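S.K.: coords please:
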Amino acid sequence: MCEKCSLGQLHPTSPSRRSVVLFAASALGGLMLAGTAKAKDTKTSPKPQNVLSPDAALKKLMEGNARYVGGTARSHDFKHEREALVGGQNPYAAVLSCADSRIAPEYAFDSGRGDLFVCRVAGNFANDDTVASMEYAVAVLGTPMILVLGHDSCGAVDATIKSLKDDKPPPGHIPSLVAAIAPAVKASAQQSGNALDNAIRQNVIDNVAKLKSAAPILNAAVEQNKLKVVGGIYRLATGKVELLS
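M.R.: The predicted structure is shown next:
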């Protein structure tokens, strides 16, 4: 008897790989639908004030940045927020930010706990894990907008420019960052002006486009006007976030 046949007899009722995948997809779809409905229901949302349209969410985000820049940040009752968020979350915005220690989205947008769903990686690029995280924020938590946030003097982008110019890969696992940022550096190479500034801007633009087109969840939400994806540059000297058109 062949090994395949004997395995079949030992587990005659084992589900096929296809059936397992279909079941998992169905279960995830049900979770997303249920989670979205709950997140958008102001009666059950931990923070009803976060149930907003995409445009209103962007407005709220930028108003928070204006307070941060002007030194008029609000005092947040973190103890009360902790208690309110034990049972769930409904952030009004998701942010893909650089991991640079000088960039703190929660501070930059004068936000409280449960307001922002933040993913951070050096170079603020969207890999598969980031896209999946943003899909969760949008489909399960009902988050209506995503901001890709770059910043001036980005070390990850600068390292990519130097690596490509010298044709010398950096040590350790850093080449994975270079590979992710390299398309933006190459695309901006012929632009006039400062090479680093151009690459930083292009990197934001490219990742906004990637998230907007990410199928099947994010692109559908964008097409249905349930999601807005925008890009911005954080200015280190002032803290101001400049949105890209």
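S.K.: what does the helix or strand in which residue 62 is found contact?
M.R.: Counting by DSSP states H and E, the element that carries residue 62 is helix 54-70. Helix 54-70 is contacted by residues 52, 73-74, 92-93, 107-111, 143-145, 147, 225-228, 230, 238-241, 243 when judged by C-beta atoms under 8 Å, 6 or more residues apart in numbering. Quick note: C-beta positions are derived from backbone N, CA and C, even for glycine.
S.K.: tally of neighbours for the closest residue to residue 156 other than its chain neighbours?
M.R.: Closest residue to residue 156 in three dimensions, ignoring its sequence neighbours and counting by C-beta to C-beta, 6 or more residues apart in numbering: residue 123, at 3.6 Å. Residues near residue 123, counting by other C-beta atoms under 10 Å, number 22.
S.K.: how about residue 123, what does it touch?
M.R.: Residues in contact with residue 123 (C-beta under 8 Å, 6+ apart) are 98, 154, 156-157, 160, 177, 180-181, 203.
S.K.: next, it: secondary structure please.
M.R.: Three states are possible here, and by DSSP: H, G, I helix; E, B strand; the rest coil the one that applies to residue 123 is coil.
S.K.: now residue 205. Nearest residue, chain neighbours left out?
M.R.: In space, and not counting its chain neighbours, residue 205 is closest to residue 231: 6.0 Å by C-beta to C-beta, 6+ apart.
S.K.: surely the one you found and residue 151 touch.
M.R.: No: here residue 231 lies out of contact with residue 151, judged by C-beta atoms under 8 Å, at a distance of 11.7 Å.
S.K.: quick one, grab the pLDDT at the residue most central in space within the chain.
M.R.: What sits nearest the mean C-alpha location of the chain, by C-alpha atoms, centre = their mean, is residue 96, with 3.8 Å. Reading off the per-residue confidence, residue 96 sits at a pLDDT of 98.
S.K.: now do the same contact list for it.
M.R.: Taking C-beta under 8 Å, 6+ apart as the contact definition, residue 96 lies against 119-121, 124, 126, 130, 134, 146-149, 207, 211.
S.K.: apply 10 Å and report the result again.
M.R.: With contacts defined as C-beta atoms under 10 Å, 6 or more residues apart in numbering, residue 96 is in contact with 105, 117-121, 124-126, 130-131, 133-134, 146-150, 204, 207-208, 210-211, 229, 231.
S.K.: below-threshold pLDDT in the protein: ranges please.
M.R.: Low-confidence regions of the chain, defined by pLDDT under 70, span residues 1-43.
S.K.: dihedrals phi and psi, the closest residue to residue 124 other than its chain neighbours?
M.R.: The shortest distance from residue 124 to any residue other than its chain neighbours is 4.4 Å, reached at residue 98 (C-beta to C-beta, 6+ apart). Backbone dihedrals for residue 98, given as degrees, to the nearest 10, come out at phi -70, psi 150.
S.K.: how near is residue 98 to residue 167?
M.R.: To residue 167, residue 98 is 25 Å away according to C-beta to C-beta, to the nearest Å.
S.K.: so those two - more neighbours on which side?
M.R.: Taking other C-beta under 10 Å, residue 98 and residue 167 do not tie; residue 98 has more neighbours (25 against 6).
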